[in-house]
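Peer 1: Sharing a model prediction with you, sequence too.
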Amino acid sequence: MRLALEVTQKKPFHAHCHECTHQSKDLTTWNFLQGPATLRKGEHDFPFSFLLPGHLPASMKGSLSNIEYVLKATLVPKTGEPMKLSHILNIKRAIIPSDTPRNSIRIFPPTNLTANCQLPPVIYPIGEANISMRMDGVVNRNVDAKTQNHWKLKRLTWRLDEIHRVISPACPKHASKVTKEGENKKGAAHQDARTLATEDIKSGWKSNYDTADGAIEIEFPISIRPDAKPICDMKAEDGTEVFHTLIVEMIVSEEFAPIKKLTLVTPTGGARVLRMHFNLTVTERSGLGISWDEEQPPLYENVPASPPTYVNTELYDGPPIPDYEHLPALDGAIGIDHRAH
């Protein structure tokens, strides 16, 4: 039995070439029966294990390529054709999120507007995540005229995009057709983008124009559509890459008002579109177990020193060693040391 990593290109380098469309690589093999064996009718257990290296990509089905891990077993009977069986394994990657959220600051010159955003470290295909945002510098006061200009938030739109990039490799037959632009990539590069979720928000924020700078605070949830079937973030050695970008657009309009009576607002006609891009990591939820690379090995304390090792030992070929009872008796004597003075 063998474990194979199979990649299928949906936009191959050559449309009608099987080798350009399919790439396969054996990761490991197992040989359970070294020779002929007689098996009874029923189920038989052949245990096996394999630790996948961390650089391998997770299983995915995208618009440009598919990545699958397939177990392929072959049984050769005494008579008849060999029997083959394949089973697809769903390999997922779970990224452990950090305990603290991400903070990001965006500025919008030539205005004094500043956005302080708090983002989750990761988001999951199922569930919601909250985005917190605070806009500072929304008020510009004229103390002498006792008036102020402030920015009013009209609408907020967010969109979560998924970008899938691949490099379709050229097989040896079509390697000569690689252009100069694709020589370093060993194939043709493709990119596809799709929207996983989007929403327009027209209310729900808090505005404060009483302070010198003013502030607008808003918090909104984001979630991926159930039918979107997102692909988790990944980056493979063959050039396949999937990442996600959160795009937030805010439409603000400028208003004029006296400082003592902020309710008497007058639109100035000025408006701006504030656009921000954030990279978000989409990953699967981790299971109940502990990752093998985070398991703490056992600690051994107060272990005494080991006895010395004996090197170059030889077998004793002399007369037999007598027992304790057969040893001759020795008389003890006291020696006197005479020293000259």
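Peer 2: Nice, thanks for sending it over.
Peer 1: Going by C-alpha atoms from here, please, whenever you check contacts or count neighbours.
Peer 2: OK.
Peer 1: Quickly find the element holding residue 166.
Peer 2: Following DSSP states H and E, one finds residue 166 within strand 147-169.
Peer 1: Which other helices and strands does that strand contact?
Peer 2: Where contact means 3 or more CA pairs under 8 Å, 6 or more residues apart in numbering; DSSP states H and E, strand 147-169 is packed against strand 139-142, strand 187-201, strand 241-258.
Peer 1: mind checking which of these is nearest residue 31?
Peer 2: strand 241-258 (34.4 Å; CA to CA).
Peer 1: In the sheet, which strands lie alongside the closest one, parallel or antiparallel?
Peer 2: strand 147-169 (antiparallel), strand 234-235 (antiparallel), strand 266-280 (antiparallel) (DSSP bridges).
Peer 1: one step back: with just CA atoms, put the strand holding residue 166 into CSV.
Peer 2: In CSV, the C-alpha atoms belonging to strand 147-169 read as follows (Å, rounded to 0.1, in the frame of the first residue of the first chain):
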residue,chain,number,x,y,z
THR,A,147,-17.9,76.4,14.3
GLN,A,148,-16.7,72.9,13.4
ASN,A,149,-16.7,70.6,10.4
HIS,A,150,-17.2,66.9,11.1
TRP,A,151,-17.4,63.7,9.1
LYS,A,152,-20.6,61.7,9.3
LEU,A,153,-20.6,58.0,8.5
LYS,A,154,-23.3,57.2,6.0
ARG,A,155,-22.7,53.5,5.2
LEU,A,156,-20.2,50.7,5.8
THR,A,157,-19.7,47.8,3.4
TRP,A,158,-17.5,44.8,4.1
ARG,A,159,-16.5,42.0,1.8
LEU,A,160,-14.4,38.9,2.3
ASP,A,161,-12.6,37.7,-0.8
GLU,A,162,-10.7,34.5,-1.4
ILE,A,163,-7.8,34.5,-3.8
HIS,A,164,-6.5,31.3,-5.3
ARG,A,165,-3.2,31.2,-7.2
VAL,A,166,-1.6,28.3,-9.0
ILE,A,167,1.3,27.6,-11.3
SER,A,168,0.3,25.0,-13.9
PRO,A,169,3.5,23.0,-14.5
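Peer 1: Specify the angle between it and strand 187-201 in degrees.
Peer 2: Interaxial angle, strand 147-169 versus strand 187-201 (axes from the mean of the first three to the mean of the last three CA atoms, to 10 degrees): 150 degrees.
Peer 1: What mean pLDDT does strand 147-169 get?
Peer 2: On average, the pLDDT along strand 147-169 is 93.
Peer 1: Please apply the same query to stretch 37-49.
Peer 2: 87.
Peer 1: how about the strands paired with strand 241-258 in JSON lines, adding mean neighbour count?
Peer 2: Converted to JSON lines, the strands paired with strand 241-258 look like this (neighbours: other CA atoms under 10 Å):
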{"stretch": "strand 147-169", "mean neighbour count": "20"}
{"stretch": "strand 234-235", "mean neighbour count": "18"}
{"stretch": "strand 266-280", "mean neighbour count": "14"}
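Peer 1: now the lowest-mean-pLDDT helix or strand in the chain, how far from the centre of its chain.
Peer 2: Every helix and strand in the chain was compared by mean pLDDT, DSSP states H and E; the lowest is strand 139-142, with a mean of 86. For strand 139-142, the separation from the chain centroid amounts to 45 Å (computed by CA atoms, centre = their mean, to the nearest Å).
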